[in-house]
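Enquirer: structure, please.
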Amino acid sequence: MRGEKEAMRSEAVDVEPEMVGGGVIGSDAGALVAQGATLMRIENESMLAVAVQRPRDPKKVLAAAIMELQIVPEEAKEAYYSIPYREKQPDGSYKMVAVEGPSIDSAMALSRLWGNCSVTARSLKEDAAGADLAGIFIDFETNFRVERPFRASRVMNKRGGGTWSLTPQQWLASIQAAASKASRNAALKGLPGWLVRKYVQQARIIAAGDPESRADAKKIAGVLRAFDRFKVTQAMLEKYVDTPIAEWMGDHLATLIGLGNAIADKQLTVQEAFDLEPEAPASSAGPATATTGVTPESVASGATSGQDGATPGPPKAEVLAAAREPGEDDGDEAEVRKFVEATAPEPESPKADKRARQGRLTE
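Expert: Below is the predicted model of the structure:
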C-alpha cells in the first residue's frame, strides 16, 4: 500500500497546472511555472495524507449530493442536460433516444463531495488555430487517474457562413471555459457511474416532479415560455415527446427541461433537436461554400463542435451525440441559467408579465 501511495505521489508531481497566475497559455514565465508546480506537489502530498486518514463513505456522498439539490431546488433545473440522437435498431430502423449528463457545476459538486480526489486541466500545446488541453481526475484513495482531451479553437464559424477569429480577451475567456469543460469530462470518467446517474435522476424529479405522475400545470407553462424564446412551439414539443400536452407526465417535462438546457448551452441547435431544415446562409454574393463533412471523430477530437466553432453546415444531432461520451459536451454553459429563469412560474404583476411576454429574463 505504501509503495502504491509513493507511486501516486510521483505521478501527481508531473501534473502541471493548466493556468499559471491567471496567465495565458504559452507564457515564458518559467519562474511562475516552477512555483505553480511546487505548489501542486505540496497540495497533492497533503491530499494523499488526508485520503489515508479519512476515507470516504459513498453512501454519505450520495446523500449529501441529493440534500444540496433539495436545499436549493431551483438549481436542479440546470443540473443536467438531455441530447437526442437516433439509435439504429437490429431490424434497421431508428429509435430516438436521449443522452443525459450533469452540467459542469454538477460535476464539480459531485467531485467536491466525493472527496480525496483532484480535478484540474492543463495545456498540452498551442498553435495558430487553437490549443489542446487535457482534463485530469485523480482519486487519491484508489490510485486511479484518468485524462480526457479537449480542443479549444481560436476561429469561430458563423452560422450564416464565414468565419471570425477571437480577440485576445475572448481567447482568454475561451481557454478558461475549455479548461472547465475538460475538467468536467475527466471528472465524469473518474467518478462512479452510479453516483452520476443517481444525481441526475434526482435532479430530474426535483425539477419536474414525479416522473409517473401528471405534470404540474405551472411547470408546463414555464417550459412553454422558456422554449418560446427559441421559437419552439407547443406542437413541436408535443411531437418531440410524442405525447399531447394534456397527457404530459413528469418524465416528459424533465426531458424537455434537459433539452432546453442543451439548446441554451449551445450543445445543439433547435434545427438539430427538432430535425428541421437548416437556415440558408445569409450571404448573397457568389455560390455557397462547400461544407466539410462532420464525423463523430471530428467532433470528439475538437476539430468541429456542432456550434459556432463547427465546420459550416450544422451536423445532425445523432452525429454530435455519437461523438460524445455520455455526460460529455463541448458547449458553453453561459446561457443555461437564462433557460432556468425563463421556466419560472408566470409573473403576477403587469410589469413582470409584459417583460416575460417580450422574452426578457427575470431580474
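
Enquirer: so what does the nearest residue to residue 94 once chain neighbours are set aside have for phi and psi?
Expert: Once flanking residues are discounted, residue 94 sits nearest to residue 86: 4.2 Å by CB to CB, 6 or more residues apart in numbering. Yep, even glycine has a C-beta here, placed from its N, CA and C like the rest. Phi and psi for residue 86, reported as degrees, to the nearest 10, are phi -90, psi 130.

Enquirer: my guess is residue 86 meets residue 98, correct?
Expert: No. In this structure, residue 86 is not within contact of residue 98 by CB atoms under 8 Å, at 11.1 Å.

Enquirer: I'd like to know which helix or strand in the chain has the lowest mean pLDDT.
Expert: Every helix and strand in the chain was compared by mean pLDDT, DSSP states H and E; the lowest is helix 317-323, with a mean of 39.

Enquirer: that older thread, how many neighbours does the residue nearest to residue 94 have?
Expert: Around residue 86 there are 17 other residues, counting by other CB atoms under 10 Å.

Enquirer: ok, now residue 273?
Expert: Residues lying near residue 273 (other CB under 10 Å) number 21.

Enquirer: contacts only, for it.
Expert: Listed by CB atoms under 8 Å, 6 or more residues apart in numbering, the contact set of residue 273 reads 84, 240, 259, 262, 263, 317.

Enquirer: swap the cut-off to 6 Å and go again
Expert: Listed by CB atoms under 6 Å, 6 or more residues apart in numbering, residue 273 has no contact partners.

Enquirer: which pLDDT value goes with it?
Expert: The per-residue pLDDT reported for residue 273 equals 89.

Enquirer: quick one: low-confidence ranges for the stretch 201-350 of the chain?
Expert: For the stretch 201-350 of the chain, applying pLDDT under 70 flags the ranges 277-350.

Enquirer: what ranges do the helices span in it?
Expert: Secondary structure of the stretch 201-350 of the chain (DSSP state H, counting those that start in this stretch): helices located at 217-228, 234-241, 250-264, 270-273, 296-301, 317-323, 336-342, 350-357.

Enquirer: thinking again about what came up before, give me the beta-bridge partners of the residue nearest to residue 94?
Expert: Residue 86 forms beta bridges with residue 96, as assigned by DSSP bridges.

Enquirer: so how far is residue 97 from it?
Expert: Remark: distance between residue 86 and residue 97 (CB to CB, to the nearest Å) = 8 Å.

Enquirer: try residue 233
Expert: For residue 233, the distance to residue 97 - CB to CB - is 23 Å.

Enquirer: could you give the number of residues near the nearest residue to residue 243 once chain neighbours are set aside?
Expert: Once flanking residues are discounted, residue 243 sits nearest to residue 252: 5.8 Å by CB to CB, 6+ apart. Neighbour count of residue 252, defined by other CB under 10 Å: 23.

Enquirer: pretty sure residue 252 contacts residue 241?
Expert: Yes. Counting by CB atoms under 6 Å, residue 252 touches residue 241, with 4.5 Å between them.

Enquirer: hey, where'd the strands end up in the chain?
Expert: All strands of the chain, identified by DSSP state E, fall at 80-88, 94-102, 117-127, 130-139, 144-153, 155-157, 163-165.

Enquirer: out of those strands, which one sits most buried?
Expert: Comparing the strands of the chain by mean neighbour count (mean count of other CB atoms under 10 Å), strand 130-139 comes out on top with a mean of 23.

Enquirer: tell me which other helices or strands that one touches.
Expert: Judged by 3 or more CB pairs under 6 Å, 6 or more residues apart in numbering; DSSP states H and E, strand 130-139 is in contact with strand 117-127, strand 144-153, helix 168-190.

Enquirer: redo that, cut-off 8 Å
Expert: When contacts are defined as 3 or more CB pairs under 8 Å, 6 or more residues apart in numbering; DSSP states H and E, strand 130-139 packs onto helix 2-13, strand 117-127, strand 144-153, helix 168-190.

Enquirer: and residue 87, what is it in contact with?
Expert: Counting by CB under 8 Å, 6+ apart, residue 87 touches 94, 95, 96, 97, 318.

Enquirer: now, the most widely separated pair of those residues?
Expert: 95 and 318 (10.9 Å; CB to CB).

Enquirer: common neighbours of the two, please.
Expert: Common contact partners of residue 95 and residue 318 (CB under 8 Å, 6+ apart): 86, 87.

Enquirer: residue 198 - nearest residue in space that isn't next to it in sequence?
Expert: Sequence neighbours aside, residue 62 is the residue nearest to residue 198 in space, at 5.9 Å (criterion: CB to CB, 6+ apart).

Enquirer: next: residue 239.
Expert: residue 274 (7.6 Å).

Enquirer: before we move on, what about residue 230?
Expert: Using CB to CB, 6+ apart and skipping residues adjacent in sequence, the residue nearest residue 230 is residue 270, 5.2 Å away.

Enquirer: is that neighbour in contact with residue 231, as I believe?
Expert: Yes. Using CB under 8 Å, residue 270 is in contact with residue 231, at 7.0 Å.

Enquirer: more crowded one of the two?
Expert: Applying other CB under 10 Å to residue 270 and residue 231 shows that residue 270 carries more neighbours, namely 15 against 9.

Enquirer: ok, back up a step: what's around the residue nearest to residue 198, how many residues?
Expert: Residues near residue 62, counting by other CB under 10 Å: 19.

Enquirer: again with residue 72
Expert: Neighbourhood size, residue 72 [other CB under 10 Å]: 9.

Enquirer: can you pull the contacts of it?
Expert: Here residue 72 is in contact with no residue (CB under 8 Å, 6+ apart).
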